[in-house]
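**Q** What would the 3D arrangement of this be:
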Amino acid sequence: MSIVKLARPEIQALTPYDAAAQVNNTVRLNANESPLSSSIGNFRRPLNRYPEVRPQRLQAALASRFGCRANQLLDTRGSSEAIDLLIRAFCIAGVDNVLTSSPSFEMYRHFAMIQNAENIQVPTLAENDFAVDVDALISACTSNTKVIFVCSPNNPTGASLPRTKLLRLLDARQNLSAVVVDEAYIEYGTEDSAVDLLDQYPNLMILRTLSKALGFAGARCGAVVGSADAIEMLNAVQAPYALATPVVECVEDVMQSAQLALAEQAIAGVIAERERLIAVIRDFPFVKKVWPSEANFFLIRVDDAELVMQRTAEQKVLLRDFGCSLPGCIRISVGSHQDSKRLLGALETLVEDRL
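**A** Purely as a prediction, here's the structure:
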């Protein structure tokens with residue numbers, strides 16, 4: 001069954017915005033554009049003209065990067081926009097629900113609240129390294145569970161979902177729920193992308209982003225990947241001209257092979273620095289636990305999180321306190337070697353306090 005059949009009826013009937021035609025080497029008097037071309041910025045496309053409704057060169061480049069066909073991908077303003085599109089498309093307000101593990105990326109719950117869709121959270125256990133219990137996820141589903149989000153590697157725990165568990169979830173929820181695998185951090189882990197499962201599982205959707213491994217967080221560019229008919233439906237939901245011309249052009253440029261080669265080197269460097277930091281930080285006496293991670297961050301538990309946050313802030317090093325959901329836990333992103341030096345210097349002052 002097509003996953004589109006799970007969407008809200010009014011979304012199934014929606015057609016994309018009928019934008020003004022864009023034809024090269026023509027006089028464009030059909031889109032209410034200004035004839036004044038801005039001199040600001042050195043762009044290949046003039047800023048007085050609307051960008052492509054859906055930039056095809058960018059779509060092709062991202063599809064090549066992520067291993068899917070162009071008609072299986074929709075460019076989005078970061079993967080956060082894709083989360084919003086999916087929940088709005090599939091969940092009837094006040095009726096349907098979104099299922100997630102917990103703790104996980106907070107934007108799943110945030111966009112569910114905006115749509116007035118219930119968010120059912122299935123806890124994971126710290127003593128099991130926050131491994132997702134797929135059987136518990138399946139059991140928690142109701143007849144109104146339209147979207148299941150699985151972040152792999154997970155934010156903030158760094159744990160990945162093994163392929164065998166994902167297959168069990170996809171099989172159990174065929175024709176019932178869209179299973180969305182958020183692969184924002186996959187370049188830092190050992191699990192392969194689920195993209196090769198698209199043709200086998202029409203209920204599978206995948207989120208990708210350029211914000212992490214490619215270092216383009218400021219560009220706000222990501223993608224949602226899925227069956228061609230599901231992507232066509234989301235295309236109708238997304239606003240036209242979603243990506244600005246400067247974003248389109250800078251991302252087209254970063255998709256060139258030389259830039260991707262540099263990104264691969266940077267990824268390897270982050271992974272090595274992550275493991276080095278974990279090995280050092282776990283030996284600090286105030287650190288009670290460091291969880292393994294397959295992302296560009298890792299989670300620790302300390303005996304006084306407030307003091308650790310205060311001391312690192314004094315040294316102009318900002319960490320993320322997860323005490324509200326995970327008491328005593330702090331998430332540390334992996335930066336440059338110099339960033340790590342500043343961090344470790346701040347943490348060493350806490351050891352000196354104990355002497």
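
**Q** rest of the way, CA atoms for contacts and neighbours
**A** Fine.

**Q** residues in contact with the closest residue to residue 174 other than its chain neighbours?
**A** Computed as C-alpha to C-alpha, 6 or more residues apart in numbering, the closest residue to residue 174 that is not its neighbour in sequence is residue 203, at 6.1 Å. Counting by C-alpha atoms under 8 Å, 6 or more residues apart in numbering, residue 203 touches 2, 3, 170, 173, 174, 175, 177, 178, 179.

**Q** which of those residues count as buried?
**A** 3, 170, 173, 174, 175, 177, 178, 179 (16 or more other C-alpha atoms under 10 Å).

**Q** Of those residues, which pair is most distant in space?
**A** 3 and 170 (12.2 Å; C-alpha to C-alpha).

**Q** quick one: which of the buried ones among the contacts of residue 203 sit in strands?
**A** 178, 179 (DSSP state E).

**Q** Throw the buried ones among the contacts of residue 203 into CSV and include distance to residue 298 and pLDDT, thanks.
**A** Shown next, in CSV, are the buried ones among the contacts of residue 203 (distance: C-alpha to C-alpha, whole Å; pLDDT from 0 to 100):
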residue, distance to residue 298, pLDDT
3, 35, 90
170, 28, 98
173, 31, 98
174, 33, 96
175, 35, 94
177, 30, 98
178, 29, 98
179, 25, 98
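
**Q** will you turn the buried ones among the contacts of residue 203 into TSV that also has distance to residue 145?
**A** Below are the buried ones among the contacts of residue 203 laid out as TSV (distance: C-alpha to C-alpha, whole Å):
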residue	distance to residue 145
3	13
170	13
173	10
174	12
175	11
177	6
178	9
179	10
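
**Q** Just give me the closest of the buried ones among the contacts of residue 203 to residue 146.
**A** Nearest to residue 146 among those, with distances taken as C-alpha to C-alpha, is residue 177, at 4.5 Å.

**Q** how near is the residue nearest to residue 61 when sequence neighbours are not counted to residue 64?
**A** Spatially, and ignoring its direct neighbours in sequence, residue 61 is nearest to residue 255 (6.5 Å; C-alpha to C-alpha, 6+ apart). Remark: distance between residue 255 and residue 64 (C-alpha to C-alpha, to the nearest Å) = 9 Å.

**Q** Mind checking which of those two has more residues around it?
**A** residue 255 (18 against 13; other C-alpha atoms under 10 Å).

**Q** Touching, that one and residue 59? I think so.
**A** No. Contact criterion C-alpha atoms under 8 Å: residue 255 and residue 59 do not qualify, at 10.9 Å.

**Q** Between the two, which contacts overlap?
**A** Common neighbours of residue 255 and residue 59 (C-alpha under 8 Å, 6+ apart) do not exist.

**Q** what number of residues lie near residue 72?
**A** 21.

**Q** For it, give me its contacts.
**A** Per C-alpha under 8 Å, 6+ apart, neighbours of residue 72: 63, 225, 226, 227, 228, 231.

**Q** which helices and strands sit right next to the particular helix or strand that has residue 341 in it?
**A** Using DSSP states H and E, residue 341 sits within helix 337-354. Secondary-structure packing of helix 337-354 (3 or more C-alpha pairs under 8 Å, 6 or more residues apart in numbering; DSSP states H and E): helix 257-281, helix 305-314.

**Q** on that earlier part again, please report how far the residue nearest to residue 61 lies from residue 79.
**A** Plainly put, residue 255 is 17 Å away from residue 79 if you go by C-alpha to C-alpha.

**Q** so residue 94, which of the three states?
**A** Here residue 94 is coil, with the state taken from DSSP: H, G, I helix; E, B strand; the rest coil.

**Q** chain center to stretch 219-236, what's the gap?
**A** Centroid displacement of stretch 219-236 relative to its chain, using C-alpha atoms, centre = their mean, to the nearest Å, is 13 Å.
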